[in-house]
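>>> I would like to see how this sequence folds:
(chains A, B, C and D)
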There are 2 protein chains.
Amino acid sequence: MSNITDNAFKSISILYRKSHIWLNEGCAQYALTGAQAVVILIVCDFEMLTQDTITKRLGLDKSVIAKTVSKLEEIGFLVRTTNAKDKRTYDIRPTQKAWDVYALVKEQVDLCFQRMTQPMTDSERAEFARLLLLAAEGAIAADD
Amino acid sequence: MSNITDNAFKSISILYRKSHIWLNEGCAQYALTGAQAVVILIVCDFEMLTQDTITKRLGLDKSVIAKTVSKLEEIGFLVRTTNAKDKRTYDIRPTQKAWDVYALVKEQVDLCFQRMTQPMTDSERAEFARLLLLAAEGAIAADD
DNA sequence: CCAATTTAGTGGCACTTGCAACCAGATATT
DNA sequence: AATATCTGGTTGCAAGTGCCACTAAATTGG
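A predicted model of the protein is given here:
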């Protein structure tokens, strides 16, 4: 009964949901949802990319990114222009409005991670971050 | 740019979503969704509990549990009886049908964790599980 | 004992996500 | 060059979740 992996699985769910609640709260002051905030971060980090790149980086379904990106364009955080070389794809770039919130949003994400790992020592936190990255890369690679 | 905590946050999201996709796939053969499977596990572990206990254990909103539990009752995995001492609450107990899938479902959850931590050594996996538990307990305690 | 507060559970709405079907443009095969 | 296949993106639908407002029962304070 109640073995370790069972609980580890539940823990991932709990951490995901709680951290997203916190991020939503933290981003509400910028009129952004957590899901939108994450996309803004990645678009600012790359400065110019396609929806497909975002999809692969975040491990989300392409339809989800399509919806979030068009919403963010609508509310003025991104611009999409048809790529000249491949007319199927968009070049997505941040607007000034995105750059204005970039650092603030990143801070909210960091705060969520601090809060999530609040019972940990600094070295545990670092190890936790390392293992999370390792697992996530594996999970993305796993489904080809 | 692209700092560690930022990526750790994204990693949690990726792991959550991928693991739930895997669990859904693994539980489909028992005509259960991943969300239902997790509730069956906890109800079998406790043998008898209230919706409120499930809510607290899983860190989910009480309305979510209400919906999942009534669905599971409808399809015959649980029974709810009004508690004699406190007429607001239900006593929730697993049926034979739940016990029949219990071990199989637990195995699916374990498989998901193995798959999720596939790039890790055994000691990394154990440490990862420990840190996940620690963080999740903190996250549940954090919002009082 | 009665009023106020707390607690367990429900129902409605909105957001996020995944999946499947689809379309249009690009690439490969012949 | 024509056809087939692949790829990036869109749309509609369904499930999971969170929040809010609500009800009914229990508990607390006068």
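>>> now the residue nearest the centre of chain A: how far from DNA strand D?
The centroid of chain A falls nearest to A:V38 when counting by Cα atoms, centre = their mean (3.4 Å). Counting by Cβ to the nearest atom of the strand, to the nearest Å, the gap from A:V38 to DNA strand D is 16 Å. In short, each C-beta sits where N, CA and C put it, glycine included.
>>> so who does that residue touch?
A:V38 makes contacts with A:L23, A:L58, A:V109, B:F9, B:K10, B:S13, as judged by Cβ atoms under 8 Å, 6 or more residues apart in numbering or on different chains.
>>> For it, give me the backbone phi and psi.
Per-residue torsions, A:V38: phi -60, psi -40 (degrees, to the nearest 10).
>>> and it, how far is that from B:D86?
42 Å (Cβ to Cβ, to the nearest Å).
>>> Same check on A:C27?
To B:D86, A:C27 is 39 Å away according to Cβ to Cβ.
>>> Which one's more surrounded, those two?
Remark: of A:C27 and B:D86, A:C27 carries more neighbours, 22 against 10, as counted by other Cβ atoms under 10 Å in any protein chain shown.
>>> Just to be sure, that one is in a strand?
No - A:C27: not assigned to a strand; according to DSSP: H, G, I helix; E, B strand; the rest coil it is helix.
>>> Correct me if wrong: it contacts A:A37.
Yes - using Cβ atoms under 8 Å, A:C27 is in contact with A:A37, at 4.6 Å.
>>> Find residues that contact each of these two.
A:V105, A:Q108.
>>> Now A:T121. Its backbone dihedrals?
Dihedral angles phi and psi of A:T121 (degrees, to the nearest 10) take the values phi -80, psi 170.
>>> now A:T81
phi -130, psi 140.
>>> what do you get for A:L23?
The phi/psi pair for A:L23 (degrees, to the nearest 10) is phi -70, psi -40.
>>> how close does the residue lying closest to it once chain neighbours are set aside sit to A:V109?
Of all residues not flanking A:L23 in the chain, A:G34 sits nearest, at 3.6 Å (Cβ to Cβ, 6 or more residues apart in numbering or on different chains). In this view, A:G34 and A:V109 are 9 Å apart by Cβ to Cβ.
>>> So these two - more neighbours on which side?
Neighbour count, other Cβ under 10 Å: between A:G34 and A:V109, A:V109 has more, with 25 against 22.
>>> The residue lying closest to that one once chain neighbours are set aside: which element?
Excluding the flanking residues, the one nearest A:V109 by Cβ to Cβ, 6+ apart is B:F9, at 5.0 Å. Assigned by DSSP states H and E, B:F9 belongs to helix B:4-28.
>>> helices and strands around that helix, which ones?
Contacts defined by 3 or more Cβ pairs under 8 Å, 6 or more residues apart in numbering or on different chains; DSSP states H and E place helix B:4-28 against helix A:4-28, helix A:34-46, helix A:51-58, helix A:96-116, helix A:122-142, helix B:34-46, helix B:96-116.
>>> repeat that with 10 Å
Packing contacts for helix B:4-28, counted by 3 or more Cβ pairs under 10 Å, 6 or more residues apart in numbering or on different chains; DSSP states H and E, involve helix A:4-28, helix A:34-46, helix A:51-58, helix A:96-116, helix A:122-142, helix B:34-46, helix B:96-116, helix B:122-142.
>>> Can you give the distance from the shortest one to the centre of its chain?
In other words, helix A:51-58. On the basis of Cα atoms, centre = their mean, to the nearest Å, helix A:51-58 sits 10 Å off its chain's mean C-alpha point.
>>> Buried ones in that helix, by neighbour count?
Going by neighbour count (16 or more other Cβ atoms under 10 Å in any protein chain shown), the buried part of helix A:51-58 is A:Q51, A:T53, A:I54, A:T55, A:R57, A:L58.
>>> before we move on, back to that, and the pLDDT for the residue nearest to A:L23?
Here the pLDDT value assigned to A:G34 is 95.
>>> That one and B:K10 touch, don't they?
No - assessed by Cβ atoms under 10 Å, A:G34 is found out of contact with B:K10, at 11.5 Å.
>>> now check the helix holding B:F9, is it near DNA strand C?
Yes - using Cβ under 7 Å from any atom of the strand, helix B:4-28 reaches DNA strand C at B:S13, B:R17, B:I21, B:N24.
>>> Contacts only, for the second one.
Looking back up the chat, that one is B:R17. By Cβ atoms under 10 Å, 6 or more residues apart in numbering or on different chains, the contact list for B:R17 reads A:I12, A:Y16, A:L58, A:G59, A:L60, A:D61, A:V64, A:A139.
>>> Understood, closing this out.
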